[in-house]
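K.L.:
what's the 3D shape of this:
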Amino acid sequence: MRKSRPLTELEGTVLGVVWVQQPCTPYQVRRQFTDSPSPHWSGSAGAIYPLMTRLETGGLLRSRSHATGSRKSRRYALTPAGRTALQTWVGPPLAADVVGLPPDPLRTRIAFLSVLPAARRRRFLTEMEERLRDFLEIAERVQREGRGAGPYFQLMARGATAMQKTRLDWLRSVTAALSNGGMGSGRPKRSR
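P.N.:
Model prediction:
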């Protein structure tokens, strides 16, 4: 039986994908990650396959051999303990790291833009706007095409699209503020 430590985000997400698609193969789970508009999820075989084995060893998944022609695989489903763990992970209660301000490497870099010469700062902002638009298009396409299962996936996809639109609007306001030249050097003043 599984020890009672909280699930990681990856473990909880894998259990959720299995729950929605069960029975399913690790390849099908991996495809959900590789098809995601978020670069956060790698979907690498080196992460997903061993994780599913660990979740099975921990009593949260069960598997059965499955063959399609000469190709053999394992199909996974949640155990009752896996469903309970998934329900606990989804919440409530919700931890601060779930509802608080998430880490954002873009926002962090903006704090230190003054380290770049003006021309390079403009290139950074231009490239970032282009990249945000690219990811927004991907999120909108995923939402339109309805990849995934059911209305809850559509709500998640709508959230991803809204978040990217908000980030893009925010970046445009940063660019406008910097274009107006009222930001100074951005370096903290040294105390004497």
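
K.L.:
Which of the helices or strands spans R74?
P.N.:
Using DSSP states H and E, R74 sits in strand 71-78.

K.L.:
For that strand, buried residues please.
P.N.:
Neighbour-count burial for strand 71-78 flags 73-78 (criterion: 16 or more other CB atoms under 10 Å). Where C-beta positions appear, they are placed from N, C-alpha and C, glycine not excepted.

K.L.:
among these, which two are most distant?
P.N.:
Farthest pair in these (CB to CB) is S73 and L78. Separation: 17.6 Å.

K.L.:
Then L101 would be within a strand, right?
P.N.:
No - counting by DSSP: H, G, I helix; E, B strand; the rest coil, L101 falls outside a strand, being coil.

K.L.:
Give me the neighbour count for it.
P.N.:
Counted with other CB atoms under 10 Å, residues neighbouring L101 total 8.

K.L.:
Run the chain-centre distance for whichever helix or strand L171 is part of.
P.N.:
Using DSSP H and E, L171 sits in helix 150-179. Offset of helix 150-179 from its chain centre (CA atoms, centre = their mean, to the nearest Å): 14 Å.

K.L.:
burial of A162, as a residue count?
P.N.:
A162 - counted by other CB under 10 Å - has 12 other residues nearby.

K.L.:
next one: Q164
P.N.:
A total of 20 residues lie near Q164 under the criterion other CB under 10 Å.

K.L.:
gap between it and D35?
P.N.:
Relative to D35, Q164 is positioned 16 Å away (CB to CB, to the nearest Å).

K.L.:
W170 now?
P.N.:
W170 is 27 Å from D35, by CB to CB.

K.L.:
try T161
P.N.:
Taking CB to CB, one finds T161 at 15 Å from D35.

K.L.:
More neighbours: which of the two?
P.N.:
Taking other CB under 10 Å, T161 and D35 do not tie; T161 has more neighbours (21 against 14).

K.L.:
Skipping adjacent residues, who's closest to P6 in space?
P.N.:
Once flanking residues are discounted, P6 sits nearest to W89: 7.2 Å by CB to CB, 6 or more residues apart in numbering.

K.L.:
Quick check, that neighbour in contact with W19.
P.N.:
No - the pair W89 / W19 is not scored as a contact, 10.9 Å apart, by CB atoms under 8 Å.
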